[in-house]
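Participant: Structure, please.
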Amino acid sequence: MSHLSHLSPLARLSKLSLTVAVAWLASTALPACVEADEVRATGLSDVVGVAAGDVEPLAMPKTVAVGQDRFFTSTACALCHSNNNAATAMRDEQDRPIAPFNLWQGTMMANASRDPFWRAVVTAEAAQTPSQKAAIEAKCMRCHAPMASEAAHVAAAEPSLRDLKNELTLTQLAGDGVSCSVCHQIQPANLGTEESFNGGFVISNERRIFGPHREPATGPMQNHVNYTPTFAEHVTESKLCATCHTLATTPLLADGSAVEGGHFQEQATYLEWQNSRFNNEGGAEGQTCQGCHMPLTSEDGVAVKTRIARSPPGGDFNINAREPFGRHAFTGANTFMPAILKAERATLNPQATDDAFDATIALAKHRLEALTASVDITDVSVADDTAAFKVTLISEVGHKLPTGFPSRRAWLQIIVRDKNGAVIFSSGTTNSEGRIVDDLGDVLDIEKAGGPTEPHHDVVSRSDEVQIYESVMQDGDGARTGSVLRAVTHAKDNRILPGGYSPAHDTHARIAAVGVVDDDSFVAGQDTVSYRVPLRGKLAATVEVAFVYQSVSARFARDLFQVDTPEVRAFRTMYERANRQPATIATATASVP
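Facilitator: Residues are numbered from 1 along each chain as shown. Next up, the predicted model:
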């Protein structure tokens, strides 16, 4: 793979993940700084292992063009592809501004390398395998700082996190995240193949900007940034996204040597999509990644047709309105990190405005609440001082729910109340820190560093039992681990399968569910959980259900904070200042007869 040729042989062998996770914590002794009176009888840590701290600010964005003159930072693209009040270009039918730069700047794509959580987990991983520090950072920056990765490759160097802190030109490329002149210059030749995964995209020296419009006007782009706009269908196909959203690793030992025969599928969003009813490859009816996350319609569902650029002084070019026009909102489920990026502006120096971050958060909330999943309560009854009911989740997304990096989790919150509103039973509720607690308000052991893994449930009957949909990594000794570099398999993967999923599909062996063998109600696109709630002589009146989500689970963060690096300390500071409550996906209420 040519994009890995500048790495060490071990780094190429390992295919180190672009978003490596936290350090190896399973079966380790508690950090020395844990105070004895704050450790429960179980021996689990309920305190954070390192002190909070700050890190030097990241570099401010500037306009640059380097790397064999292949790249401009996004501020150059914004000359023509941002909204201006003097232009009608890049607006929907309600005259709302939808220019690519305006929508993109507040997304996690734009801030991929400024993301303090990503920086923390990269340094935590490197701290646990120091012999591979350079390779880890270089590989992680392949997709989080791709322009810097490419430019460094040309210079026969390896990009590193230090490139985000100084005033070098490479720093500006790194700080621009997943930017315009990366995605729009990716060549189509190897897309959809194994070679293209793990950041295996290819960018040539042709200076062609690929887009979905036939016979584009070439003059403006050639004159201003010396790129030639070129029609290409692959920019609207899921296999383009697959290059950085299909990630596999070879497990490493603490000394940096590879585990023989080891392989771990850390992320497989593209493979999950292929094994779903949304897959439109081969002419099937479905929906691409871009179709959901870069919609061709306005917020009101109207197809967008507009001029795709404006004149740098501010007015309109003399060009026709075009379609399709994808809104570059890259809408996902992450409301947590954009809020931190906005709040920690003084340190992280994002170029996005507060309004841009607010727009990204609002779109993510809308997607979570309206387009992700539904929940239903059925078969409610009372007998023998026990309330019984079933909760069914139905996924509407074209991949596992949740998908992607293993820090993410979704779960069911259940509250049974009496007629006065008093709580009789609860499962999955959280405290002010966003940590799951029992009905007495005590933090569950599954939320503590080094704690157990909550199993998949078909039946829940106790307050300390919670149905959590998550992927949990397991090391070679069979212990839970938070480290991608130690993971050899999944200890648990009960994330909800996409609709249309088939065990007969070629991808099944790589993305199969783990830990749900005895649950016949866990099927493609949905899961049903039965609840048996002890009433203890009380009269139940209502059942309330919420399906909730965390992009950085409280447990994952707790494990991360046992590792001492400046970036981990900085992220802990930001994390503890943030609103850590889970986001709501769906709710339902039912009366108890």
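Participant: can you map out the helices along the stretch 451-593 of the chain?
Facilitator: For the stretch 451-593 of the chain, helices defined by DSSP state H, counting those that start in this stretch occupy the ranges 508-511, 554-560, 566-577.
Participant: Kindly format the C-alpha coordinates of the longest one as CSV.
Facilitator: Spelled out, it's helix 566-577. Extracted in CSV, the C-alpha atoms of helix 566-577 (Å, rounded to 0.1, in the frame of the first residue of the first chain):
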residue,chain,number,x,y,z
PRO,A,566,-0.6,16.1,29.1
GLU,A,567,-3.3,15.5,26.5
VAL,A,568,-5.2,13.2,28.7
ARG,A,569,-5.0,15.7,31.5
ALA,A,570,-6.2,18.4,29.2
PHE,A,571,-9.1,16.4,27.9
ARG,A,572,-10.1,15.5,31.5
THR,A,573,-10.3,19.2,32.3
MET,A,574,-12.6,19.8,29.3
TYR,A,575,-14.6,16.7,29.9
GLU,A,576,-15.4,17.6,33.5
ARG,A,577,-16.5,21.1,32.4
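Participant: Identify each buried residue in it, please.
Facilitator: Glu567, Val568, Arg569, Ala570, Phe571, Arg572, Thr573, Met574, Tyr575 (16 or more other Cβ atoms under 10 Å). Every C-beta, even on glycine, is put in place using the N, C-alpha and C of the backbone.
Participant: Please apply the same query to the shortest one.
Facilitator: By neighbour count with 16+ other Cβ under 10 Å, helix 508-511 contains the buried residues Ile511.
Participant: Tell me the helices and strands packed up against it.
Facilitator: If contacts are counted by 3 or more Cβ pairs under 8 Å, 6 or more residues apart in numbering; DSSP states H and E, helix 508-511 sits against strand 264-268, helix 269-274.
Participant: Give me the next element, helix or strand, following the longest one.
Facilitator: Counting by DSSP states H and E, the element after helix 269-274 in chain order, helix or strand, is helix 289-293.
Participant: mind listing what's buried in that next one?
Facilitator: Cys289, Gln290, Gly291, Cys292, His293.
Participant: any low-confidence regions in this protein?
Facilitator: For the chain, the stretches flagged by pLDDT under 70 are 1-45, 47, 65-69, 166-167.
Participant: show me where the stretch 51-200 of the chain has helices.
Facilitator: So, for the stretch 51-200 of the chain - with DSSP H, counting those that start in this stretch - the helices run 74-81, 100-104, 116-128, 133-144, 146-154, 169-175, 180-183.
Participant: Could you list the residues in contact with the longest helix belonging to the chain?
Facilitator: The residue-count maximum for a helix in the chain (DSSP state H) belongs to helix 354-371. Outside helix 354-371, the residues within contact range by Cβ atoms under 8 Å, 6 or more residues apart in numbering are 102-103, 105-107, 292, 329, 331-335, 338-339, 341-342, 350, 396-397, 549, 583-586.
Participant: Just the ones in strands from these, please.
Facilitator: Tyr549, Ala583, Thr584, Ile585, Ala586 (DSSP state E).
Participant: Please give the number of neighbouring residues around the third one.
Facilitator: The local packing of Thr584 (other Cβ atoms under 10 Å) involves 14 other residues.
Participant: who touches it in this structure?
Facilitator: Thr584 touches Leu368, Glu369, Ala546, Phe547, Val548, Tyr549, counting by Cβ under 8 Å, 6+ apart.
Participant: Any quick ChimeraX command for the buried ones out of those residues?
Facilitator: A single ChimeraX command selects the buried members of those (16+ other Cβ under 10 Å):
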select :368,546,547,548,549
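Participant: Nearest to His490 among the contacts of Thr584?
Facilitator: Of all the contacts of Thr584, His490 sits closest to Tyr549, with 19.4 Å by Cβ to Cβ.
Participant: circling back to that earlier point, if any of the contacts of helix 354-371 are buried, give me the ChimeraX selection for them.
Facilitator: Those of these that count as buried under 16+ other Cβ under 10 Å are selected in ChimeraX with:
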select :102,103,105,106,107,292,329,331,332,333,334,335,338,339,341,342,350,396,397,549,583,585,586
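Participant: rewinding a little: go through the helices and strands packed on helix 508-511 and pick out the most buried.
Facilitator: Mean neighbours per residue, mean count of other Cβ atoms under 10 Å, is largest over the helices and strands packed on helix 508-511 for helix 269-274, with a mean of 25.
Participant: number of nearby residues for the spatially closest residue to Gly500 that is not a sequence neighbour?
Facilitator: The shortest distance from Gly500 to any non-neighbouring residue, by Cβ to Cβ, 6 or more residues apart in numbering, is to Arg277 (3.0 Å). Using other Cβ under 10 Å, Arg277 has 18 neighbouring residues.
Participant: Pull the contacting residues for Arg277.
Facilitator: Gly286, Gly398, Pro498, Gly499, Gly500.
Participant: Just give the nearest non-adjacent residue to the third one, would you?
Facilitator: Spelled out, that is Pro498. Per Cβ to Cβ, 6+ apart, closest to Pro498 is Ser276, 3.6 Å.
Participant: Quick check: bridge partners of Ala258?
Facilitator: In this structure, Ala258 bridges to Leu252 when assessed by DSSP bridges.
Participant: That one against Pro251, yeah?
Facilitator: Yes - using Cβ atoms under 8 Å, Ala258 makes contact with Pro251 at a distance of 7.2 Å.
Participant: So which of the two has more stuff around it?
Facilitator: Higher neighbour count among Ala258 and Pro251: Pro251, with 23 against 15, using other Cβ under 10 Å.
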